[in-house]
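S.K.: Only the shape, not the letters, is given here:
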């Protein structure tokens, strides 16, 4: 119960609403605040004692407050009192009734005055919360993108490390110098100039020079000394140099420096594309690129036929700054990979341009050039210059190029340290001579070139069956098998590799002792590239052997016109292993070898019939019975050939010996073709139908 100062009230009546006076301990009631003086004067004393002013708590009407001293009562400022001062409150009302009256007052005030303001404040707060939520989402999105980019960079770094580890064999081989245990294992040692790589300091970035130093190179070759300075200036260049002269570093160093100076990032896409004719050469170029990029942070990659296309597309979408590619797969990605960003291309390198055109990629290369940006630097390197390479130069190079050649003054098209010669061997003895030669040199490193894939396949199966271990590479193999065999032969100290011309260009296989051309090349230029697999580098030597039938000796004249001089090797015919009877029995009894021999025999004749130099390699001079003996047959199988009867001579395509060649069976030439079926009759005479 609250206590208040009393103005001298009489004894109050007992009531539920009475309050205790602090001075007189009397009780008084809450009076109606609307009672006037007149009303108060007519009240009985009992009623007067039942009513009291609610403001000052004196027992007088409201209108007579001026003469009544106001007591300092806490109730005067009481909120409840202020609310009810304009209302009459019956003394019988309970406290709950009074509270309900006040609550109704407050609800009215809240509804009319406070509620709209509170709603406005709530709306403002909701807008602020929405903005804050949107801002928070943007921050989370930025954080997620940053995390994804970090993860992608980590993935790229991890992939580069994996590739570096997987190609450790190439890395080891490239770091060897003249003192290495396997001589001749150098892509870039050719005719040395007097210029040092240290002279490039200040022009080439330090990271590239450190990579060159780690590879063990100090002195430039002639092609490098002539080509690198103008390429660093951004000039277009056409370079011609024989195999093993160091062309790879000549274009890789300026290409890497260009990407470095332009500060290329993965998001910028591809800045340099390097075209290589074969998968093996592209892998080899990529291995050298890995070494030069050892101290760089730019991305680099390899796309080629036979590899997983979807994996390549994913890497291209992430951004590959320097891309090594084969023409077919590159064109596929340019046309069908939407996330392949190549609009920022700054440089196009075409390596072994003549070889790319020879193996049937001319149309693909032209389409690639049309798709790529026109404002770029172009580097075109080749071992030989032909009319086709000149037309490609006119298409690819947009500005006046610099021509660099390092072999024009040489009397010999091959290196001086190469000992090369030929033997005249009848068709029926070719297999026995080859077997004897390989058996004698099985402890050395030998490469044997054949004209077709089926011929490589057959001889590989045959030699391994008769306990003469050999390896093989040809165009119809799965890419994984080709890659494994290539590195296996590179790392071997000795071994025999049977191959088609797929291995004749650009490959740097260390310490090859002998190059054997069991089937003659298509032209002198192909001969030069084949023998270029040996005697590579300074202070190394090699040997080359060419098999010729007596009817094919005219090929020596064409070689001499191409600055290649061969000596005839003496061969002891009495030491030739006579395995003809055993071979014929084996082929007749072994079904699988028999089928393989038939396919090889047929593909050999088809390749011979498509030879470019028909005046020398004329199929009409072939004795089928004698040729079939070299494949293990007593009676030659029938072979169906489609030969053009008029028009220019069709040069065979592919170089890798794919059996049928595209230009021999073009639909538009069907009217000009006739079919010749070669069968052998009695007395070694051949019939043509």
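M.R.: Now that the structure is in, tell me what you want to look at. Everything numeric here is computed off the predicted structure, so don't read it as measured data. Numbering: from 1, shown residues only.

S.K.: Do a quick rundown of the helices in the stretch 251-400 of the chain.
M.R.: For the stretch 251-400 of the chain, applying DSSP state H, counting those that start in this stretch gives helices covering 279-292, 309-318, 327-336, 353-358, 362-371, 387-396.

S.K.: Out of those, which gets nearest to residue 574?
M.R.: Closest approach to residue 574 among the helices of the stretch 251-400 of the chain (C-beta to C-beta): helix 279-292, 39.6 Å. C-beta coordinates here come from the backbone N, C-alpha and C atoms, glycine included.

S.K.: picking up where we left off before, let me have the helices of the stretch 251-400 of the chain in JSON lines, adding mean pLDDT, distance to residue 379 and mean neighbour count as columns.
M.R.: Below are these laid out as JSON lines (pLDDT from 0 to 100; distance: least, C-beta to C-beta, whole Å; neighbours: other C-beta atoms under 10 Å):
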{"stretch": "helix 279-292", "mean pLDDT": "90", "distance to residue 379": "13", "mean neighbour count": "23"}
{"stretch": "helix 309-318", "mean pLDDT": "93", "distance to residue 379": "22", "mean neighbour count": "16"}
{"stretch": "helix 327-336", "mean pLDDT": "94", "distance to residue 379": "16", "mean neighbour count": "18"}
{"stretch": "helix 353-358", "mean pLDDT": "78", "distance to residue 379": "10", "mean neighbour count": "25"}
{"stretch": "helix 362-371", "mean pLDDT": "89", "distance to residue 379": "13", "mean neighbour count": "16"}
{"stretch": "helix 387-396", "mean pLDDT": "75", "distance to residue 379": "10", "mean neighbour count": "16"}
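
S.K.: State the phi and psi torsions of residue 619.
M.R.: phi -70, psi -20 (degrees, to the nearest 10).

S.K.: that older thread, export the helices of the stretch 251-400 of the chain to TSV and tack on distance to residue 270?
M.R.: Shown next, in TSV, are those (distance: least, C-beta to C-beta, whole Å):
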stretch	distance to residue 270
helix 279-292	14
helix 309-318	8
helix 327-336	10
helix 353-358	19
helix 362-371	12
helix 387-396	17
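
S.K.: Which strand or helix spans residue 634?
M.R.: Under the criterion DSSP states H and E, no helix or strand holds residue 634.

S.K.: ok, it - how many residues close by?
M.R.: 13 (other C-beta atoms under 10 Å).

S.K.: Would you mind confirming that it makes contact with residue 584?
M.R.: Yes - at 5.5 Å, residue 634 counts as touching residue 584 under the criterion of C-beta atoms under 8 Å.

S.K.: Kindly report the domain assignment for the protein.
M.R.: 3-93, 188-401, 418-580, 588-688 (automatic domain parsing).

S.K.: for the record, mean pLDDT for the shortest one?
M.R.: What it means is domain 3-93. Averaging pLDDT along domain 3-93 yields 44.

S.K.: tell me the contacts of residue 444?
M.R.: Shown in contact with residue 444 (C-beta atoms under 8 Å, 6 or more residues apart in numbering): 494, 513-514.

S.K.: just residue 443 next, same as before
M.R.: residue 494.

S.K.: Return the backbone torsion pair for it.
M.R.: phi -90, psi 0.

S.K.: ditto for residue 404
M.R.: The phi/psi pair for residue 404 (degrees, to the nearest 10) is phi -120, psi 120.

S.K.: Is it possible to get JSON lines of the domains of the chain that adds distance to residue 154?
M.R.: Formatted as JSON lines, those follow (distance: least, C-beta to C-beta, whole Å):
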{"stretch": "domain 3-93", "distance to residue 154": "68"}
{"stretch": "domain 188-401", "distance to residue 154": "12"}
{"stretch": "domain 418-580", "distance to residue 154": "27"}
{"stretch": "domain 588-688", "distance to residue 154": "40"}
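
S.K.: Touching, residue 339 and residue 320? I think so.
M.R.: No - Residue 339 is beyond contact range of residue 320, at 11.3 Å (criterion: C-beta under 8 Å).

S.K.: before we move on, the earlier item: quick one: which of the contacts of residue 444 sit in helices?
M.R.: Among the contacts of residue 444, no member falls in helices (criterion: DSSP state H).

S.K.: least confident pick among these?
M.R.: residue 513 (88).

S.K.: Let me know whether that one touches residue 440 as I believe.
M.R.: No - with contact defined as C-beta under 8 Å, residue 513 does not count as touching residue 440 (12.0 Å).

S.K.: out of the two, which sits in the busier spot?
M.R.: Counted by other C-beta under 10 Å, residue 513 and residue 440 do not tie: residue 513 has more neighbours, with 17 against 11.

S.K.: Specify the beta-bridge partners of residue 639.
M.R.: On the basis of DSSP bridges, residue 639 is bridged to residue 678.

S.K.: doesn't residue 604 make contact with it?
M.R.: No - with contacts counted by C-beta under 8 Å, residue 639 stays clear of residue 604, the gap being 9.2 Å.

S.K.: Compare those two (neighbour count), which wins?
M.R.: Between residue 639 and residue 604, residue 604 has the larger neighbour count (other C-beta under 10 Å), namely 25 against 19.

S.K.: was I right about the more buried one contacting residue 458?
M.R.: No - look at residue 604 against residue 458 with C-beta under 8 Å: they stay out of range, at 9.4 Å.

S.K.: Look at residue 339 and residue 320 and report which has more neighbours.
M.R.: Between residue 339 and residue 320, residue 320 has the larger neighbour count (other C-beta under 10 Å), namely 27 against 12.

S.K.: Can you report how many residues neighbour residue 152?
M.R.: Residue 152 is flanked by 13 other residues according to other C-beta under 10 Å.

S.K.: OK, contacts around it?
M.R.: By C-beta under 8 Å, 6+ apart, the neighbours of residue 152 are 266, 318.

S.K.: What of residue 351?
M.R.: Counted by C-beta under 8 Å, 6+ apart, residue 351 has contacts 247-248, 251, 274-277, 281, 285, 381, 506.

S.K.: Can you read off the pLDDT for the closest residue to residue 546 other than its chain neighbours?
M.R.: Closest residue in space to residue 546, ignoring its immediate chain neighbours: residue 422 at 4.1 Å, by C-beta to C-beta, 6 or more residues apart in numbering. At residue 422, the model reports a pLDDT of 92.

S.K.: and residue 422, bridged to which residues?
M.R.: Bridge pairing for residue 422 - DSSP bridges - gives residue 546, residue 568.

S.K.: closest to residue 434 among the contacts of residue 444?
M.R.: So of those, ranked by how close each gets to residue 434 (C-beta to C-beta), first place is residue 514, at 11.7 Å.

S.K.: Could I get the contacting residues of the closest one?
M.R.: By C-beta under 8 Å, 6+ apart, the neighbours of residue 514 are 441, 444-447, 534, 542-545.

S.K.: Tell me who's in contact with residue 517.
M.R.: 449, 527, 530-531, 544-547 are the contacts of residue 517 under C-beta under 8 Å, 6+ apart.

S.K.: And residue 473, its phi and psi?
M.R.: phi -140, psi 130.

S.K.: again, but for residue 494
M.R.: According to degrees, to the nearest 10, residue 494 has phi -150, psi 160.

S.K.: what about it, neighbour count?
M.R.: So residue 494, with other C-beta under 10 Å, has 12 neighbours.

S.K.: So which residues of the stretch 101-250 of the chain form helices?
M.R.: According to DSSP H, counting those that start in this stretch, the helices that the stretch 101-250 of the chain contains are 115-166, 168-174, 206-215, 222-232, 247-261.

S.K.: For the ones you listed, give me JSON lines that also has distance to residue 431.
M.R.: Formatted as JSON lines, the helices of the stretch 101-250 of the chain follow (distance: least, C-beta to C-beta, whole Å):
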{"stretch": "helix 115-166", "distance to residue 431": "38"}
{"stretch": "helix 168-174", "distance to residue 431": "34"}
{"stretch": "helix 206-215", "distance to residue 431": "43"}
{"stretch": "helix 222-232", "distance to residue 431": "41"}
{"stretch": "helix 247-261", "distance to residue 431": "37"}
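
S.K.: Can you give me the distance of residue 498 to residue 134?
M.R.: 69 Å (C-beta to C-beta, to the nearest Å).

S.K.: Thanks again, I'm all set now.
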